[in-house]
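Colleague: sharing a sequence plus its predicted fold:
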Amino acid sequence: MGAGNQCLGCVSVGQSAYIESFTDEFVELKMLEMGVVPGELVVVERIAPSGDPIAIRVSDSLIGVRKEEASKIQVKQAER
Amino acid sequence: MADKKIKVALAGNPNSGKSTLFNRLTGLTQKIANFPGVTVEKKSGIFEFGGKTFELLDLPGTYSLYPKTPEEWITTAVLCDESDPSFPDLTLIVADSTNIKRSVFFATQVADLGRPCILVLNMADMLDGRGEEIDVAEASKLLSIPVVLVNAIDGHGFESLKELMTGAVQPASVVFNQVPESATALVKLIRNDLPKLTDYAAFQIIMDPGVKAPISENTRSRIDALRSADGFSAMKIQSAETLSRYEKVAALVPQIVRKKHASGSDYRKITSKLDDILIHPITGYLAFLFVMFVMFQAVFAWASAPMELIDSFFAWCGSQVEGAMPAGVFRDLIVNGILAGLGGVVIFIPQIALLFFFITILEDTGYMARVSFMMDKLLRRYGLNGRSVIPMISGVACAVPAILSARTIANRKERLITMFVTPLMSCSARLPVYTLLIALVIPDDRVFGFLNMQGLVLMGLYLIGFIAAILSAWVMKHMLKSQERSFFIMELPVYRLPRWRNVLQVILDKISVFVFEAGKVIVAISIILWALASYGPGDEFEQIEKQMEQVDVSDPHAYTVLASEKLKWSYAGRLGSAIEPVLEPLGFDWKIGIALVTSFAAREVFVGTMSTIYSVDGGEEDVMTIREKMRAEINPSNGKPRYDLPTGIGLMLFYAFALQCMSTLAVMKRESGGWRWPILQFAYMGFLAYFSALLVHLAMG
């Protein structure tokens, strides 16, 4: 296994990880219906010039989320 | 069912091409209204095919049947509640083929409701670049609903779609995902009341207290009891249901999407390249400024010709009526009340159309989502949201459609703040006022040899409006209390070329909002103002009217002078004089007072009023003369020109800030659900206007 769990908000740009779980129900429901479900590969593709929000790619969509929301998403670092 | 309309609902994810499909099916014959009781837009249209009449209803885009915003709530209610007046006979689930997993997820939710539905896979051609294709037959078999591939832009596949729609569409024969066990008992109970429902439809009634299905009192109280029971969590059930459904979808997708050949030009790569530039810390902002710059330049350059045309058209209409009708109150009402009011509405259409042309292109190509993404942090700090970008930019055209576009903001506080500050953005109606005043008090000099002073001041006024909006939002952020979560979760769709039909449709929608929402108020106020300016109390007024009747036709100037006198003694004039003491500290006189009063129809009425007050023979056409006359006006208290720099700037600021627009107030009342907010807004902006003008007068005077 790769590195341990961390939150998506801490993943740096260009890195990918696997969605593990959510620590906030509101964010969970919002993300689930957009296809951000546990087990999916997520790539932190971009960051806004002001440092927030970030743009994550999950399956076929690019989704802008605030770091605050991203911090409620637990991920497991993908092996390199 | 020969002449009965077949009710068809369009449902799907945002950005799935729903509107394009809707436009292609219905042409330009659509009707926009609101869903009863809520401010959610209801777009419907009618079309015929194969001897049948279809009534198409465009439902707000949503990712699931679990609603979170008032818009999504409508979609769930319409699809799940057979007693809803819009409950469809057939549902078209529009899906973005390039985002198949998420689309199929929503499709299976709708299919499990057990009603006839067709999965319409849109944009399938875009899969080509990825070397993939969709196996329609397999998809249809696995989902047990009809599936059709279309391209909403070029119309490919529409014949098959319409063919399918005319046939008898059967509901899904297989349940895709069973309802969670914790809900099965109640689901049975509901199905006793409403045997036609499927398990999943009954489940949605439990999950959404908003779905008002006609179930018995007893069942309803059982639902309520379950929902309030210890350990019951709608969120947990919803999350579990979503997860198990996604699992099944994830297993199904590889069976219907096939690898065809090695991927060629992937549109996602193009998007990524563009984003490298457009979301870049330096070029990103530069690109945004450049886009805004081009938009304003184009609007000012292209709008003036059609505006002049409209102006002369209404002037021509006026002269025709004057030639055809005998002089009198009625003719006067038609020319100076009704025609002037209509002209005052139509004149803005070119500018508003052009601005929305640009804004819609920016939205349609996917760029606006990037702007929201980049601006979210800045706007959030001031109590707004990345999604406030569109209302605020639209506010430069007209606050009325701009306020309506704030509906996409889910958080009520952020939406309210956005609507509250949007009218501070300088709209089209302020421009003629700015132009006149700038020409009056700002010298036509160059700064640093190349910057035009007058142009700079105009830009400054737009900037001041924006800054005032941002700062006001910040103040409101601290004054309003809200428990609601602020969030920004927004899809950044792939870039694509604008779909011109959509662009045209949106421009038409926005113009119709402007004409029917703002326009009717402007015309009504224009008629009231005509009455106030044409009638007056007391002897002076009567005597002037008598003199006007006797005036020599060969001396038009004598007539204009009298007209100015008449205005002075009219109700409007008296009103202007009555408020003079309040305006005195700002350096304004009763003449400006009249103009401020008449500006309530539309701010640009200022120019026309000034031309009457200063007895300009050519009316408002003759801006040069209006300017010269205003320049010659002397302030009796100090013997200096009335329109000196402080008064001019004060007046510009007054117009930049004051909410002199009844239409905005009316829309604000509807969108905020009462008079409280429009009244507060009016008072606040009036306060800003008055004190900024006062401050300028004290500091510079």
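Modeller: Sure, I can see it. As the structure is a prediction and not an experimental result, all values here were calculated from the model.
Colleague: who in chain A is up against chain B?
Modeller: Counting by Cβ under 8 Å from any Cβ of the partner chain, the positions of chain A adjacent to chain B are A:25-35, A:37-38, A:45-46, A:48-53, A:55, A:59-66, A:69. Where you see a C-beta, it was placed from the backbone N, CA and C, and this is true even at glycine.
Colleague: narrow the residues you listed to those in helices?
Modeller: A:25, A:26, A:27, A:28, A:29, A:30, A:31, A:32, A:33, A:69 (DSSP state H).
Colleague: number of residues surrounding the closest residue to the fourth one other than its chain neighbours?
Modeller: Taking Cβ to Cβ, 6 or more residues apart in numbering or on different chains, and ignoring the residues beside it in sequence, residue A:28 has residue A:22 as its nearest neighbour in space, at 3.6 Å. Neighbour count for residue A:22, taken as other Cβ atoms under 10 Å in any protein chain shown: 22.
Colleague: kindly report the same for residue B:537.
Modeller: Using other Cβ under 10 Å, residue B:537 has 11 other residues around it.
Colleague: ok, it - contacts?
Modeller: By Cβ atoms under 8 Å, 6 or more residues apart in numbering or on different chains, the contact list for residue B:537 reads B:571, B:574.
Colleague: wait, the residue nearest to residue A:28 touches residue A:71, no?
Modeller: No: at 10.7 Å, residue A:22 does not count as touching residue A:71 under the criterion of Cβ atoms under 8 Å.
Colleague: which residues do these two both contact?
Modeller: Counting by Cβ under 8 Å, 6+ apart, residue A:22 and residue A:71 have no contacts in common.
Colleague: for chain A, what are the nearby residues on the stretch 1-150 of chain B?
Modeller: So the stretch 1-150 of chain B meets chain A at B:63, B:64, B:66, B:68, B:98, B:99, B:100, B:101, B:102, B:105 (Cβ under 8 Å from any Cβ).
Colleague: got a PyMOL select line for the buried ones in the residues you listed?
Modeller: Selection of buried members from these for PyMOL, criterion 16 or more other Cβ atoms under 10 Å in any protein chain shown:
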select buried, chain B and resi 63+64+66+68+98+99+100+101+102+105
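Colleague: and the least confident of the residues of the stretch 1-150 of chain B next to chain A?
Modeller: Across these, the smallest pLDDT goes to residue B:68, namely 77.
Colleague: after the helix or strand of chain B with the lowest mean pLDDT, which helix or strand is next?
Modeller: Between all helices and strands in chain B, the lowest mean by mean pLDDT, DSSP states H and E belongs to strand B:30-34, at a mean of 66. Following strand B:30-34 in sequence order, the next helix or strand is strand B:41-49 (DSSP states H and E).
Colleague: show me what the longest helix anywhere in chain B packs onto, helices and strands only.
Modeller: Ordering each helix of chain B by length in residues (DSSP H) puts helix B:283-324 first. Applying 3 or more Cβ pairs under 8 Å, 6 or more residues apart in numbering or on different chains; DSSP states H and E, one finds that helix B:283-324 contacts helix B:267-278, helix B:340-346, helix B:349-364, helix B:367-381.
Colleague: now with 10 Å?
Modeller: helix B:267-278, helix B:329-332, helix B:340-346, helix B:349-364, helix B:367-381, helix B:389-394, helix B:431-441, helix B:453-479 (3 or more Cβ pairs under 10 Å, 6 or more residues apart in numbering or on different chains; DSSP states H and E).
Colleague: for the residue nearest the centre of chain B, list the residues it contacts.
Modeller: Nearest to the geometric centre of chain B sits residue B:401, at 3.1 Å (Cα atoms, centre = their mean). Neighbouring residues of residue B:401 by Cβ atoms under 10 Å, 6 or more residues apart in numbering or on different chains: B:352, B:355-356, B:359, B:391, B:394-395, B:506, B:509-514, B:517-518, B:667.
Colleague: mark which of these are buried, thanks.
Modeller: Judged by 16+ other Cβ under 10 Å, buried ones among the contacts of residue B:401: B:352, B:355-356, B:359, B:391, B:394-395, B:506, B:509-511, B:513-514, B:517-518, B:667.
Colleague: from the residues you listed, list the ones also adjacent to chain A.
Modeller: Among the buried ones among the contacts of residue B:401, no residue lies close to chain A (Cβ under 10 Å from any Cβ of the partner chain).
Colleague: for the residues you listed, which one is nearest chain A?
Modeller: residue B:391 (18.0 Å; Cβ to the nearest Cβ).
Colleague: from chain A, how far off is residue B:207?
Modeller: Distance of residue B:207 to chain A, given as Cβ to the nearest Cβ, to the nearest Å: 11 Å.
Colleague: that residue is in contact with residue B:239, isn't it?
Modeller: No: in terms of Cβ atoms under 10 Å, residue B:207 does not count as a neighbour of residue B:239; the distance is 11.6 Å.
Colleague: export the helices and strands packed on helix B:283-324 as JSON lines, with columns for mean pLDDT.
Modeller: Output for those, formatted as JSON lines (pLDDT from 0 to 100):
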{"stretch": "helix B:267-278", "mean pLDDT": "89"}
{"stretch": "helix B:329-332", "mean pLDDT": "85"}
{"stretch": "helix B:340-346", "mean pLDDT": "83"}
{"stretch": "helix B:349-364", "mean pLDDT": "90"}
{"stretch": "helix B:367-381", "mean pLDDT": "95"}
{"stretch": "helix B:389-394", "mean pLDDT": "92"}
{"stretch": "helix B:431-441", "mean pLDDT": "89"}
{"stretch": "helix B:453-479", "mean pLDDT": "93"}
